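Engineer: One predicted model, sequence on top.
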Amino acid sequence: MNFKKHVLFSVLVLIIPFISLSSEVLFPRWEEGMYPLSEIKKLDLKKAGLKIDISEVYNPNGVSLVDALVNIGGCTGSFVSGDGLIITNHHCSFGAVQAASTLENNYLENGFVAKCKEEEIQAKGMICKIIDSYEDVSEKILSAVKDVTDIKERNKTIDKVRKELITQAEAGDKTIRAEIAEMFEGETYVLFKYKFFKDVRLVYVPPRSIGEFGGESDNWVWPRHTGDFSFLRAYTAPDGSSAEYSKENIPFKPKQYLKVNPDGVNENDFLFILGYPGRTYRHKPSQFLKLQEKYQLPFISEFYDFQIEQMLKLGKGNPSLELQFAGKIKGLANTTKNYKGKLLGLRRLNLVNKKVEEEKQLQAFIDSSPELKSKYGNLLPEIANVYDDIEKNVSRSLWFGQMSRSTILISLANSLLECSVETKKPDNERKPAYKEQNLPQYKKSFETALSNFNIEFDTTILAKLFQYAINFNDDSRVDAVDKLIAGKENDTQIHDVINNFYDDNDLLNKEELDEMFGKSYEELADIDNPVINFVIQLKEQQKILEEKNSYNEGLLDKLSVNLNEVKKIWKKTEFIPDANNTLRLTYGYVRGYTPADAVYYSPFTSLKGMIEKSFLGGDYHIPNELYQLYMKKDFGKFRSKNLNDVPVALLYNMDTTGGNSGSPILNANGEIIGVNYDRAYEATINDYAWSEDYSRSIGVDIRFVLWVVENFGAADNLLKELKIN
Ligand code: GLU
């Protein structure tokens, strides 16, 4: 480092601690970003292209576009009418549509249209929430652990304070559920209060051949031609409070809803998205990525592929089983293809090595100053040590995670046992699912699990999990499995063990299961059910691993605070927290890209492209009516002048991830012009590293949505409600 730089650096080190984190002085020109609500006011959105006042987008003291946003079953949605009408993706409502479908009334295949509110049907299992308020509680949490150095004690105290804050926030208002989001690990915590709606109904769902056009062939791929949208409605009790489904309930009146703009947008137009991105890992060190590349991504994609293969085999020639498996196949296939995209991206970008290189430079920077060296000198080696320890158990931890949820038999035993432990605690110390108010819903999930049970599938998956455990090396043995199969060498003997589990097991009988629900851990152990006994043994080892993992996470939390601190000094900038299921804003432009050498993708697809793909058959099947309409070129007011066709999907450089599905795509005036639903294959790596070169997200154009609604099911009432007719 030269002298001038050294002086500048020393000055920075001295002044940085006095510049609060909220200072605008240090904010860089953002190039990526899922901005939390607290950061929106620091952006120059006007300069970027926004034509309305920023307070119309977000206003903590009044009504703004943010109030039209809905978190719905892990996806995002938005209110598009004053009567609680919500637009989201087809793939977000998929499970509810499947649950409402029978072979006679197959809404999944044929679509669903309610011609009036009375015809709307329950979207089972869908709960939506809207933000009521939020508060930074970092100080409240961190002051409680100021003098706590022991990691276990620190973890315990943070957990306790978090639970206390949640209980306080929920006290006195039954319609409020509170959640605390960790924004920067170990550093910033925000408490969100949400209002919940438990009565959600299906309003309009296109036929599967439109809503899922292109299937897995086109998933995570541009160009896409999928009409991935659906309409739902949130209902409340007549007094406006949140209530379970009931005929007496009335449509919810949101404070704000989005205006639909059927005029669409053009290439390079400014756009923004409000939504609930799930998880990103951009601030994680190289070792985290290495573990993802080496263990998580290959193991999960292989295991999910196996499960999909089994379901496809079993469903062949059996339409009712095919319908039963549809949602599960879709979910697993979505993950496995995303993981394969990530693996490819990691290799293509050489990301782990790049991070390693960056960390070397950071270490050199730290070592170049005595002050920094004394404070951060051991930081990177300490982080590496923790990850070394994590790596020792990573395969087994992944396996335990899958074991407890991949088969219905084991997950029932697991849930019963966990429930018996949690419900023994005072309500405010339980995990959220086991709180008194959530127990009825939890119990219902047992019924759903039983109704989805398929013995062939369950036994095959359990056998596969046993196989994985049998193949683990000597220092990763799973004791419960070893004990069970001791002396049994060949596959037939192992299958016998598994088949015995299922033979007349009370866990698979609704009445018996109901009876077990309220039992204590000891009582469950006394039943002498072979599966419960096996899971008890599994849990003993799992508990030790979990404690180790949570200890390591606690350590990493503490080390991350220092890592962020020194990185800010190094890069002379602040960072945006990784996505964590909280409401974020991202902005950008309608834009094409170059996915590979000599290839350019333009940013709009059209009906013409959909028809052309349909000639390929398979995943590209379309309703005959769609073809006829296209041939008539009857595009009405949804024709784009530029394309001379109906635009189907659009591509843009905004920063999105899973959870952003269903997010409204807004134009410069804050009007909805599309619904976000996917990312390009190259952009599956977004979760680890964003780049303007390849990070592209995909949405369905509102003109296609409206054209479909107008032509499939003639939902005039819906177009009227959207103020289109
Ligand atoms: N690729 C997904 C789909 O279209 C959704 C995107 C996501 O899971 O983040 O089904």
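Structural biologist: Good, I have the coordinates.
Engineer: tell me the phi and psi of the closest residue to the ligand within the stretch 451-600 of the chain?
Structural biologist: Residue nearest to the ligand within the stretch 451-600 of the chain: A579 (11.1 Å; CB to the nearest ligand atom). In short, each C-beta sits where N, CA and C put it, glycine included. Note on A579: backbone dihedrals following degrees, to the nearest 10 are phi -60, psi 140.
Engineer: now do N473
Structural biologist: Backbone torsions of N473, given as degrees, to the nearest 10, read phi -80, psi 180.
Engineer: Could you tell me which other helices and strands the regular element (helix or strand) spanning V708 packs against?
Structural biologist: Here V708, judged by DSSP states H and E, is contained in helix 702-711. On a contact count with 3 or more CB pairs under 8 Å, 6 or more residues apart in numbering; DSSP states H and E, helix 702-711 meets helix 624-632, strand 647-652, strand 672-679, helix 716-721.
Engineer: 7 Å - rerun?
Structural biologist: With contacts defined as 3 or more CB pairs under 7 Å, 6 or more residues apart in numbering; DSSP states H and E, the secondary structure elements packing on helix 702-711 are strand 647-652, strand 672-679, helix 716-721.
Engineer: what comes into contact with the longest one?
Structural biologist: Outside of strand 672-679, the residues that reach it under the criterion CB atoms under 7 Å, 6 or more residues apart in numbering are 78, 80, 87, 89, 91, 220, 224, 228-229, 258, 260-261, 264-265, 273, 275, 650, 656, 660-667, 686, 696-702.
Engineer: Kindly report the same for stretch 530-547.
Structural biologist: Stretch 530-547 is contacted from outside by 393, 396-397, 400, 403, 409-410, 413-414, 417, 478-480, 483-484, 500-501, 505, 507, 524-525, using CB under 7 Å, 6+ apart.
Engineer: And stretch 100-120, by the same measure?
Structural biologist: Outside stretch 100-120, the residues that touch it by CB under 7 Å, 6+ apart are 97-98, 121, 124, 201-208, 233, 251, 319-320, 323, 326, 712-713, 715, 717.
Engineer: Pull out the buried members of these.
Structural biologist: Using 16 or more other CB atoms under 10 Å as the burial test, the contacts of stretch 100-120 include 97-98, 121, 124, 201-208, 233, 251, 323, 326, 712-713, 715, 717 as buried.
Engineer: so of the residues you listed, which ones are in helices?
Structural biologist: 97-98, 208, 323, 326, 717 (DSSP state H).
Engineer: re the thing from before, CA atoms of the helix holding V708 as PDB?
Structural biologist: This file holds the C-alpha atoms of helix 702-711, laid out as PDB (Å, rounded to 0.1, in the frame of the first residue of the first chain):
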ATOM      1  CA  ILE A 702     -50.300  -8.600 -18.000                       C
ATOM      2  CA  ARG A 703     -51.600  -8.300 -21.600                       C
ATOM      3  CA  PHE A 704     -51.400 -12.100 -21.900                       C
ATOM      4  CA  VAL A 705     -53.100 -12.600 -18.500                       C
ATOM      5  CA  LEU A 706     -56.000 -10.400 -19.600                       C
ATOM      6  CA  TRP A 707     -56.200 -11.900 -23.000                       C
ATOM      7  CA  VAL A 708     -56.500 -15.400 -21.500                       C
ATOM      8  CA  VAL A 709     -59.000 -14.300 -18.900                       C
ATOM      9  CA  GLU A 710     -61.100 -12.700 -21.700                       C
ATOM     10  CA  ASN A 711     -61.000 -15.800 -23.900                       C
END
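Engineer: Now the residue of the stretch 251-400 of the chain found nearest the ligand. Nearest residue, chain neighbours left out?
Structural biologist: Across the stretch 251-400 of the chain, the shortest distance to the ligand (CB to the nearest ligand atom) belongs to N334, at 4.8 Å. Leaving aside its sequence neighbours, N334 sits nearest to N219 (CB to CB, 6 or more residues apart in numbering; 6.4 Å).
Engineer: Repeat that for S415.
Structural biologist: Per CB to CB, 6+ apart, closest to S415 is F446, 7.1 Å.
Engineer: moving C-terminal of the helix or strand harbouring that neighbour, what's the next helix or strand?
Structural biologist: According to DSSP H and E, F446 maps onto helix 439-451. With elements assigned by DSSP H and E, the helix or strand that comes after helix 439-451 is helix 455-471.
Engineer: now what about that next one, what contacts it?
Structural biologist: 306-307, 310-311, 314, 399, 402-403, 406-410, 478, 481, 494-495, 498-499, 502.
Engineer: to the chain's geometric centre, what's the distance from it?
Structural biologist: Distance of helix 455-471 from the chain centroid (CA atoms, centre = their mean, to the nearest Å) equals 27 Å.
Engineer: distance of V57 from the ligand?
Structural biologist: 23 Å (CB to the nearest ligand atom, to the nearest Å).
Engineer: which sections of the stretch 151-300 of the chain are below the confidence cut-off?
Structural biologist: For the stretch 151-300 of the chain, no stretch has pLDDT under 70.
Engineer: which stretches of it form helices?
Structural biologist: 151-170, 208-211, 215-218, 286-291, 297-315 (DSSP state H, counting those that start in this stretch).
Engineer: Can I get those in TSV including distance to the ligand?
Structural biologist: Below are the helices of the stretch 151-300 of the chain laid out as TSV (distance: least, CB to the nearest ligand atom, whole Å):
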stretch	distance to the ligand
helix 151-170	27
helix 208-211	10
helix 215-218	9
helix 286-291	19
helix 297-315	13
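Engineer: The chain against the ligand: which residues are in contact?
Structural biologist: Residues of the chain lying close to the ligand by CB under 6 Å from any ligand atom are 91, 219-220, 228, 334, 658, 661, 677-678.
Engineer: Tell me how many other residues surround the one residue in the chain that gets nearest to the ligand.
Structural biologist: As assessed by CB to the nearest ligand atom, the ligand sits closest to G658 within the chain, at 3.4 Å. G658: 21 surrounding residues under other CB atoms under 10 Å.
Engineer: swap in I383?
Structural biologist: So I383, with other CB under 10 Å, has 22 neighbours.
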